[in-house]
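Chemist: got a predicted structure plus its sequence, pasted below:
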Amino acid sequence: MAAIARNAFQFLVLFSLQVITHSGNAQTGWTPEVMIKFKRVDGTVMSPDGKLIAYTVSTPIMEEEKSEYLTHIWVISADGKFNQQYTRGEKSCTNPAFTPDGKYLTFLSDRQEKEKKQIYLLPVTGGEAQQITIGKSGVNAYAWSPDGQRIAFTMTDPETDHEEKSKKAKRDMKRVAADYKYAHLHTITLEKDATGKRKVQRLTAGNFHITSLDWSAEGKTLAFSHQVNPQANEWPTTDISSVPSDSGAVHPLVSWSGFDGHPHYSPDGRWLAFVSDGGEARWATATDVYIIPSFGGEPKKLAAAPDRQPQILGWSPSCKEIFFSESERTCRRIFSLPINGAAPQMITSGAGNFFGASWSSDGKIVALIHETPNMAPNVYISSSTKFNPRKLTDVNADFPKFPMGRTEAITWKSKDGMEIEGLLTYPVNYELDKLYPLVLQIHGGPAGVFTQNFTAASAVYPLQAFAQQRYTILRPNPRGSSGYGKDFRFANYNDWGFGDYEDLMAGVNKVLGMNVAHPDSLCVMGWSYGGFITSFIITKTNRFKAASVGAGVTNLMSFTGTADIPSFLPDYFGGEPWERIDTYMKHSAMFNITDVKTPTLIIHGEDDRRVPLSQGQELYNALQRQGCPVEMVVYPRTSHGVREPKFIQDVGERIIAWFNTQLGRRRAEPVVAK
């Protein structure tokens, strides 16, 4: 009878929470249902003359049988007077690019029935888009030749006639680590020949997989990075080669051990820039920018980027510097790197994230996306010589303007004295003399990083919906995170669940010491590595009243044997599971699971290959068999990240309801501070 009464009470609590989530707050504050309507903005691509900027807007479509993001291309003028949606329809259009003369815009789309992504050409002045490429396989990436006469693109080899027949005959067995489909390099002419067709040339073939490409300044050569096969585990085998753009032999340019990729030719044709780990491939990554003569030669290593994870954006027109982006503490920033060996210089300044940058051909104007915790991402423009960004778009003008919980960066000392930083989001309408429930959110990676993103954007962890429910949210960047330099990122090797655990607990204690949160109302959640550490936390402490494990690694041994990245943990732990059995057991929640008491909600994608579904099932069965309150929700069609907006909304609603229920509250209200 007691169990029945308890279940009835929990049902009433859950029902009242759902009423709040789906009705009242829909008009008066942030909920996952409100936040899912947020439109995502990405880009930018600037026309050569700097007068136009293309960007993409992704809108959630949740009507009847649809649950997807529909992406279309917009173009805005540099003065902001013209802002027009350029593509329409029920199929997404992505990857915009201007032709070198600025007269046309190209993009990728699968808008034709039964077609995979192909290249389309659209006049900037308006009109109907033309399909440029045709093929059984879709286009992965593309780039215009400098003269605007050809497009180079990569396309994955299609199934052979024999393979198609075998599939129809139900004889389509697949060998593991064999029978790969490789992406290879092709070109196509813009002009049609006398028969009305465009000339297509295949430039590469063989057992290697192309991952990026770039044209030389004179258009006679293409450089490309390639790895031994398409598997995610093979990235350390990436090298750089070149091939004549009118066909010919492949010429190796950089073939060190480890990762060498992302080639970018200088505008004067003298140099080729690329990123390399210098032959020391590690999953936590530590890379630098190098340059070599464009036709090959001795590489020159440039000055180290602050975080040793630079992503090359391009060259300056003077060819004296290279632009790159990377995380700098809790901000995403853009830097310039002189090729004379001098230290990199920060281009962007101020709070928030700066990303998606592009430049005019003369390098005088830069366009980018900028966001802060309280300001939605939009397209901005600035002079390159004096950074003073001016806002051009208001993509989410119709998005609610409810009061938001403010976010600030805080720091604290871990148990061993290491300084840790995190982002603290306060409840909406925070009152100084009240204590609030605290949610500890842990990022993935482990080399991920929490940055100053817009906190009302839709997500599986909808921050402002938690803040609206009167939670304080702490997002720490423990040892192992990006944004704080190579040594910090490597500081959790052989130490998952211990040093990082102390960093997180010290952060919780920091917030408790600020008289912001109540010590008896703590919750914890995280995805991927964040799911790992969440599952590990509940084996080490009963401080948390509720937990949510999202796509978490719970058993390091079985994960290594089933994931699509079997070299990942052997790198972090210095050996294979059979070589270091005690270590893998010590750092796995599943080998320390006895007597866990924390009520836990497990969330997993059914089609997750990165962290297989079995990882969540192991944790669920162990908790369920010990009588620990546990619930597991599996999302079909879902890989390692939740993509469908209906599912994104559902995850957020479930976690909020789970936490509120386990805290025994109809709504998470504060208490008077002592």
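Modeler: Arrived safely, thanks for sending. Just so it is clear, the model here is predicted, and its values are computed rather than measured. Numbers count the residues shown, from 1 in each chain.
Chemist: now do the buried residues in stretch 531-549.
Modeler: 531-539, 544-549 (16 or more other C-beta atoms under 10 Å). Where you see a C-beta, it was placed from the backbone N, CA and C, and this is true even at glycine.
Chemist: which ones among these lie within helices?
Modeler: Within the buried residues of stretch 531-549, residues falling in helices by DSSP state H are 531-539.
Chemist: so which two of the buried residues of stretch 531-549 are the farthest from each other?
Modeler: Using C-beta to C-beta, the pair of the buried residues of stretch 531-549 lying farthest apart is Phe532 and Lys545, separated by 20.4 Å.
Chemist: mind listing the strands for the stretch 151-300 of the chain?
Modeler: 183-192, 198-202, 209-215, 221-227, 239-244, 251-254, 260-265, 271-276, 288-293, 300-301 (DSSP state E, counting those that start in this stretch).
Chemist: can I get these in a markdown table with mean pLDDT?
Modeler: Output for the strands of the stretch 151-300 of the chain, formatted as a markdown table (pLDDT from 0 to 100):
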| stretch | mean pLDDT |
| --- | --- |
| strand 183-192 | 96 |
| strand 198-202 | 96 |
| strand 209-215 | 98 |
| strand 221-227 | 98 |
| strand 239-244 | 98 |
| strand 251-254 | 96 |
| strand 260-265 | 98 |
| strand 271-276 | 98 |
| strand 288-293 | 98 |
| strand 300-301 | 96 |
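Chemist: need those in a markdown table with distance to Gly417, can you?
Modeler: Formatted as a markdown table, these follow (distance: least, C-beta to C-beta, whole Å):
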| stretch | distance to Gly417 |
| --- | --- |
| strand 183-192 | 47 |
| strand 198-202 | 58 |
| strand 209-215 | 41 |
| strand 221-227 | 40 |
| strand 239-244 | 42 |
| strand 251-254 | 40 |
| strand 260-265 | 37 |
| strand 271-276 | 33 |
| strand 288-293 | 29 |
| strand 300-301 | 33 |
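Chemist: need the ones you listed in JSON lines with mean neighbour count, can you?
Modeler: As requested, those are exported to JSON lines (neighbours: other C-beta atoms under 10 Å):
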{"stretch": "strand 183-192", "mean neighbour count": "18"}
{"stretch": "strand 198-202", "mean neighbour count": "14"}
{"stretch": "strand 209-215", "mean neighbour count": "22"}
{"stretch": "strand 221-227", "mean neighbour count": "23"}
{"stretch": "strand 239-244", "mean neighbour count": "21"}
{"stretch": "strand 251-254", "mean neighbour count": "16"}
{"stretch": "strand 260-265", "mean neighbour count": "23"}
{"stretch": "strand 271-276", "mean neighbour count": "24"}
{"stretch": "strand 288-293", "mean neighbour count": "19"}
{"stretch": "strand 300-301", "mean neighbour count": "14"}
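Chemist: please enumerate the strands of the stretch 501-650 of the chain.
Modeler: 517-527, 544-550, 600-605, 630-635.
Chemist: closest one to Gly499 among these?
Modeler: Taking those one by one with C-beta to C-beta, strand 517-527 is closest: 16.4 Å.
Chemist: now for that closest one, which elements pack on it?
Modeler: The helices and strands touching strand 517-527, judged by 3 or more C-beta pairs under 8 Å, 6 or more residues apart in numbering; DSSP states H and E, are strand 434-442, helix 499-513, helix 529-540, strand 544-550, helix 645-662.
Chemist: neighbours of Gln433, just the number please.
Modeler: Let me fix one detail, which is that residue 433 is Asp and not Gln. By other C-beta atoms under 10 Å, 8 other residues sit near Asp433.
Chemist: what's the closest of the strands of the stretch 501-650 of the chain to Thr455?
Modeler: strand 517-527 (15.4 Å).
Chemist: partners of the closest one in the sheet?
Modeler: Its sheet considered, strand 517-527 pairs with strand 434-442 (parallel), strand 544-550 (parallel) by DSSP bridges.
Chemist: contacts for it?
Modeler: 435-444, 460-461, 471-472, 508, 511-512, 532-534, 537-538, 543-552, 655, 659, 662-663, 668, 670-671 (C-beta atoms under 8 Å, 6 or more residues apart in numbering).
Chemist: C-alpha coordinates for it, CSV please?
Modeler: Taking Å, rounded to 0.1, in the frame of the first residue of the first chain, the C-alpha atoms of strand 517-527 are listed here in CSV:
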residue,chain,number,x,y,z
ALA,A,517,22.3,26.9,-4.0
HIS,A,518,20.9,24.6,-1.3
PRO,A,519,23.1,21.6,-0.4
ASP,A,520,20.1,19.2,-0.1
SER,A,521,18.8,20.0,-3.6
LEU,A,522,21.7,18.9,-5.9
CYS,A,523,21.2,17.3,-9.4
VAL,A,524,23.7,16.2,-12.0
MET,A,525,23.5,15.6,-15.7
GLY,A,526,25.9,15.1,-18.7
TRP,A,527,26.2,13.7,-22.2
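Chemist: before we move on, back to that, would you list the strands paired with strand 517-527 in CSV and tack on distance to Asp571 and mean pLDDT?
Modeler: Formatted as CSV, the strands paired with strand 517-527 follow (distance: least, C-beta to C-beta, whole Å; pLDDT from 0 to 100):
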stretch, distance to Asp571, mean pLDDT
strand 434-442, 21, 97
strand 544-550, 23, 98
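Chemist: looking at those strands, spot the one closest to Lys199.
Modeler: strand 544-550 (48.9 Å).
Chemist: quick one: contacts of that closest one?
Modeler: Contact with strand 544-550 is made by 440, 460, 520-528, 530-531, 534-535, 537-538, 598-604, 616, 619, 651, 655, 658-659, 661-663, as judged by C-beta under 8 Å, 6+ apart.
Chemist: redo that, cut-off 7 Å
Modeler: Here strand 544-550 makes contact (C-beta atoms under 7 Å, 6 or more residues apart in numbering) with 460, 521-527, 530-531, 534-535, 537-538, 598-603, 616, 619, 655, 658-659, 662-663.
Chemist: check stretch 183-195 too.
Modeler: So stretch 183-195 is in contact with 132-133, 140, 148-157, 198-205, 209-210, 213, 222, 224, 230, 243, 245, going by C-beta under 7 Å, 6+ apart.
Chemist: ok, stretch 72-88 next?
Modeler: Here stretch 72-88 has contacts from 50-57, 93, 96, 105, 107, 122, 365, 379, 381, 392-393, using C-beta under 7 Å, 6+ apart.
Chemist: buried ones among the residues you listed?
Modeler: 50, 52-57, 93, 96, 105, 107, 122, 365, 379, 381, 392-393.
Chemist: restricted to strands, list those.
Modeler: 52-57, 93, 96, 105, 107, 122, 365, 379, 381 (DSSP state E).
Chemist: okay, among those residues, which ones form the most distant pair?
Modeler: Cys93 and Ile365 (24.7 Å).
Chemist: show me where the stretch 351-500 of the chain dips below the pLDDT cut-off.
Modeler: Judged by pLDDT under 70, the stretch 351-500 of the chain has no weakly predicted residues.
Chemist: can you give me the helices for it?
Modeler: Counting by DSSP state H, counting those that start in this stretch, the stretch 351-500 of the chain has helices at residues 463-468, 486-489, 499-513.
Chemist: now for the ones you listed, which one comes closest to Pro252?
Modeler: Here helix 486-489 is closest among those (C-beta to C-beta), at 28.1 Å.
Chemist: got a list of contacts for that closest one?
Modeler: Residues contacting helix 486-489 (C-beta under 7 Å, 6+ apart): 284, 286, 308, 447, 479-482.
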